[in-house]
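Novice: quick one, what's the 3D model for this:
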Amino acid sequence: MPSVMTLLLHPERRRPTPGPPAIDLSRVTLLGIACWVVALVVTGVLAAVDLVPVDVVIVCGAGIVLGLLGLPWARRHRGD
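Specialist: Okay, the predicted model is just below:
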């Protein structure tokens, strides 16, 4: 096994960097949207009883909207 100093001085002797894993981003995006929906429901109930400000509910809604906007991009770039 080559020493650390050898690998620092001769980077061509290192093992090649592995490629990125193949992940279906649309599933990840849908999971994120589902989490935002749960958060929206919880914060909506808490805002209804005046335990949290309405701003928190707006942030959850923005998370859902941004996730829905990103979903078509994730579906188009499945093979990338």
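
Novice: pretty sure residue 37 contacts residue 65?
Specialist: No - contact criterion Cβ atoms under 8 Å: residue 37 and residue 65 do not qualify, at 11.5 Å. Where you see a C-beta, it was placed from the backbone N, CA and C, and this is true even at glycine.

Novice: so for the two, which sits in the more crowded spot?
Specialist: Using other Cβ atoms under 10 Å, the more surrounded residue of residue 37 and residue 65 is residue 37, with 15 against 12.

Novice: next one: residue 57 from residue 46, what distance?
Specialist: 8 Å (Cβ to Cβ, to the nearest Å).

Novice: pick out whichever of these two has more residues nearby.
Specialist: residue 57 (20 against 14).

Novice: and that one, what pLDDT?
Specialist: pLDDT for residue 57: 98.

Novice: distance of it from residue 7?
Specialist: From residue 57 across to residue 7, the span is 52 Å (Cβ to Cβ).

Novice: do the same with residue 75
Specialist: Using Cβ to Cβ, residue 75 is found at 40 Å from residue 7.
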